[in-house]
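S.K.: Have a look at this prediction, sequence included:
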Amino acid sequence: MISLLLVVIYISFISLGLPDSLLGSAWPVMYQELKVPLSFSGIVFMIIYLGTIISSLGSERIINRYGTGKVTSFSVLLTALGMLGFSFGHMFILLCIFAIPYGLGAGSIDTALNNYVAINYESRHMSWLHCMWGLGASIGPYIMSTMLKYTNSWKNGYRTISFIQFGLTFILFLSLPLWNKKASDSEKVNKDEEGKKEEKEEIIEINSLNKEEEKNKENKKETESSHNIDIGEIEISHTTDNLLVNDEKDKSNTTVTIKEGKKEETETNPEVLGLKRTVQIPGVLEAIICFFCYCAIETTIGLWCSSYLVMERNVNEVTAAKFASFFYIGITIGRAISGFLTLRLNDNQIIRIGEGIIFAGIIMIFIPYGYWIAVIGFILAGFGCAPLFPCIIHSAPTIFGVDKSQAVVGVLMASSSGSALIMPALFGVIAKWIGLKILPYYLSINLIIMIFMHYKVMKKAI
C-alpha cells in the first residue's frame, strides 16, 4: 500500500513539472498572436508566482485541516483549470486571469508534497522526486513543440496538458484512502513513541524515589544514633519520622511538578520563530540570498532560453521550443544521478559540483558561434542546477539544527517563489532596453553571488 502511494507521489511530481516550462517554450509564438510586447511574459509569470507565494503561506493551515491527499488532489485540479483557461485565451488579459488558479494550485501542491516526503520517506527520494519534476518540465515543451508543428496552435499544447492534469486529478482522488492509511500509520508510530517515552519517565521517577528512600533511611539511622538522651527520645524519633514522611511527600510532589513541566514543555516545544527571528539565525540570510540567486538562474533560463535562441541565434520557433526542453532534460538527468551521489558525497560537495557545471554552461552560452554551442550550454546549466534545490533544502537541518529547520526551509521556499516572481520579469525589462544578448551576463552575476553566499553559509556552519 505504501509503495503504491509512493508511485502516486512520483506521478504527482511529474504533473507538477508539466506546466512550468510551457510559457517559456510557447511565448515566441504567443506574443505575436496576442499582439503584446515580448517582455509581457514576465507579467504572466509574476501573477503565477504571486499566487504560488500566497498559497504556500496559507498551505500549513489548509493541509492540517484537510490532509495532504485532498489538498494535492484539489491543487492539481486548479492547475488543470488554469491550463484549460490558457487554451481559450485569445486575449492577454485572459491569460492573466487564468494564471491565478494555476499559481494557487502550484504553490499548495509543491508545499504539501515536499513536506510530506521529507517527513515520511528517505532523503534520496527528495532528489528522485525532483527528478520527476524535471521529467514533467521536459515533456511539457516537447508536447508544445509537437502541437506547434502539427496543428500550428499553442492553444492545443495547453489543452493537451490540461487533459493530462485532469486525468491525474482523477487518479489522486482514487488514491485518497492510501493517504489516509499512511497518516493513520504515522499516528500509531507517534503514539507508540510517546508511550515509550512516558514509560521511560516513569521508570526514571521510580528509581529516583527508591534512591531517595534509601538515603532517608540512612539519615534516619544517623539521627537516631546521635540522640542518646533518654528524655524526649521518642518525641525526637517521632518528629524525625514525620519530617521524613513530609520530605518524601514534598519530593514526590516535586517529581510530579517536574513531570507536568516536561509535558508543558513538549506541548509548547515547537516554537514559531517568525520571519524576523529566523533571519537573525547566523547564516540564514546568506542562505536566503544563495537560494534566491539559484532560483533566478533556473527560472530565467526556463522562461527566456527559447526566446534567446530565436532572437539571438536565428533558430525557428518550433525548433527553439523543442530545444527549451533540453534544459529540463539536463535537470532531470542530473537529479537522477545526484540521488545516487548522495550515498557517497555530502550536500555541500554536490552543491559545489553543480555550481562548477553551471559556470561551464554559461561560458558556452557566451560563445557566439552557432546555436548548438548555446544549446549545449543550456543543457549543462540544467545539469548543474539539478542537485542544488534538493541539496540546499536537505542540508538545512544539518547546518541550522533540526529544531530550526522548519522555519528555515519555509523562508527558503518563500525566497524561491519570490525569485521566480521577480528575476525573470526583471530580465524581461532589461532585455527590452538592451536586448536578449544580455542573458549570459545576467546569469553570470547571479551565479557569482550564489557561490559567494554559499561559501559564507558553509564558513558560518563550520
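M.R.: Yep, it's here.
S.K.: can we go C-alpha only for contacts and neighbour counts from here?
M.R.: Will do.
S.K.: For the protein, give me the ranges with low pLDDT.
M.R.: Screening the chain residue by residue with the criterion pLDDT under 70, one finds the ranges 1-2, 57-61, 111, 115, 118-119, 123, 180-275, 402, 405-406, 461-462.
S.K.: Using the record's domain definitions, break it down for me.
M.R.: Per the record, the chain has its domains at 2-174+272-461, 192-226+237-268, by automatic domain parsing.
S.K.: Let's have the ones you listed in CSV, adding mean neighbour count.
M.R.: Output for the domains of the chain, formatted as CSV (neighbours: other Cα atoms under 10 Å):
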stretch, mean neighbour count
domain 2-174+272-461, 20
domain 192-226+237-268, 13
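S.K.: Residue 424 contacts residue 295, doesn't it?
M.R.: No: with contact taken as Cα atoms under 8 Å, residue 424 and residue 295 are classed as non-touching, separated by 9.8 Å.
S.K.: Quickly note the distance from the residue most central in space within the chain to residue 128.
M.R.: Per Cα atoms, centre = their mean, the C-alpha nearest to the average position across the chain is that of residue 114, at 5.1 Å. Counting by Cα to Cα, to the nearest Å, the gap between residue 114 and residue 128 amounts to 12 Å.
S.K.: ok, and the closest non-adjacent residue to residue 381?
M.R.: Leaving aside its sequence neighbours, residue 381 sits nearest to residue 358 (Cα to Cα, 6 or more residues apart in numbering; 4.4 Å).
S.K.: what's the closest non-adjacent residue to residue 365?
M.R.: Leaving out its chain neighbours, the residue that sits closest to residue 365 by Cα to Cα, 6+ apart is residue 374, at 4.4 Å.
S.K.: what about the one you found, helix or strand, and which?
M.R.: helix 371-385 (DSSP states H and E).
S.K.: The nearest residue to residue 79 once chain neighbours are set aside: what's it in contact with?
M.R.: Nearest in space to residue 79, with sequence neighbours left out and distances taken as Cα to Cα, 6+ apart, is residue 102 at 4.3 Å. Residue 102 sits next to 48, 51, 78, 79, 80, 81, 82, 83 when contact means Cα atoms under 8 Å, 6 or more residues apart in numbering.
S.K.: Swap in 10 Å and give it another go.
M.R.: Residues counted as contacts of residue 102 (Cα atoms under 10 Å, 6 or more residues apart in numbering) are 19, 47-49, 51-52, 75-86.
S.K.: what about it, which helix or strand?
M.R.: Take DSSP H and E as the rule and residue 102 turns out to sit in helix 92-120.
S.K.: Please compute how far that helix lies from its chain's middle.
M.R.: Taking Cα atoms, centre = their mean, to the nearest Å, one finds the center of helix 92-120 at 12 Å from the center of the full chain.
S.K.: packing partners for the helix or strand following that helix?
M.R.: Secondary structure here is assigned by DSSP H and E; on that basis, the next helix or strand after helix 92-120 toward the C-terminus is helix 124-150. Under the contact definition 3 or more Cα pairs under 10 Å, 6 or more residues apart in numbering; DSSP states H and E, helix 124-150 sits against helix 2-17, helix 22-34, helix 92-120, helix 154-174, helix 317-341, helix 388-400.
S.K.: related to what we said a few turns ago, what's near enough to touch the residue nearest to residue 365?
M.R.: Counting by Cα under 10 Å, 6+ apart, the residues that residue 374 touches are 305, 308-309, 313, 361-368, 380.
S.K.: Inside helices: which ones of these?
M.R.: 305, 308, 309, 313, 361, 362, 363, 364, 365, 366, 380 (DSSP state H).
S.K.: hmm, which two among those residues are most spread apart?
M.R.: Taking Cα to Cα, the two most distant members of the ones in helices among the contacts of residue 374 are 313 and 380; they sit 17.8 Å apart.
S.K.: What distance do you get for the closest residue to residue 378 other than its chain neighbours to residue 315?
M.R.: In this structure, residue 378 finds its nearest non-sequential neighbour in residue 327, 5.4 Å apart by Cα to Cα, 6+ apart. If you measure residue 327 against residue 315 using Cα to Cα, the figure is 16 Å.
S.K.: Right, I'll call it a day here.
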